[in-house]
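J.: quick one, what's the 3D model for this:
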Amino acid sequence: MPLTRADTAVQLVAGEALNAGDLINVYLDVSTIKARKATASVTGKEAHGYVLAGVSLAGNATVYFSGLNNNFSGLTVGLQYLSAATPGQPTATPPAISGGVVQKVGIAVSQTAIIFNFGEPLGLA
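T.: Residues are numbered from 1 along each chain as shown. Below is the predicted model of the structure:
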């Protein structure tokens with residue numbers, strides 16, 4: 001039987017307020033695994049997953065690690081999207097920030113949806 005999006009989901013504590021659709025970085029805060037917005041502006045905040053519902057700081061976030069993230073607008077169908085310098089967002093334009101990363105996060109299948117499939121982040125000098 002094929003995996004569903006729910007099969008790849010875990011509940012994590014939100015390390016900051018999260019919006020529906022945000023790309024998420026999973027990190028360890030002392031002894032608690034948490035979720036925060038991914039950003040390409042620095043190493044260490046690469047995208048690992050996404051949320052479909054908004055969550056307030058310290059709330060329980062359901063983080064998905066694959067599947068359809070349909071909380072965007074203005075996407076171009078067929079384009080490969082990357083983690084953006086804007087926290088939690090995708091971009092079609094590679095970031096050019098010294099100390100940042102370029103990381104594939106998926107392909108747009110509609111103007112509002114990306115099939116999430118994160119790639120290995122590449123550091124920028």
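J.: what pLDDT does Val55 get?
T.: As predicted, Val55 sits at a pLDDT of 98.
J.: residues contacting it?
T.: The contact partners of Val55, by C-beta atoms under 8 Å, 6 or more residues apart in numbering, come to Ala14, Ala17, Leu18, Ala61. From N, CA and C alone the C-beta is placed, and that goes for glycine too.
J.: would you map the helices across this protein?
T.: Remark: no helices are assigned in the chain by DSSP state H.
J.: if we can go back for a sec, return the members of the contacts of Val55 classed as buried.
T.: Ala14, Leu18, Ala61 (16 or more other C-beta atoms under 10 Å).
J.: surely the last one meets Gly49?
T.: So that's Ala61. No - applying C-beta atoms under 8 Å, one finds Ala61 not in contact with Gly49, separated by 9.5 Å.
J.: what's the overlap in contacts for these two?
T.: With C-beta under 8 Å, 6+ apart, Ala61 and Gly49 have common neighbours Ile24, Ala35.
J.: shouldn't Phe72 be in contact with Pro90?
T.: Yes - checked against C-beta under 8 Å, the pair Phe72 and Pro90 is within contact range at 6.9 Å.
J.: shared neighbours of those two, anything?
T.: Residues touching both Phe72 and Pro90 by C-beta under 8 Å, 6+ apart: Ile114.
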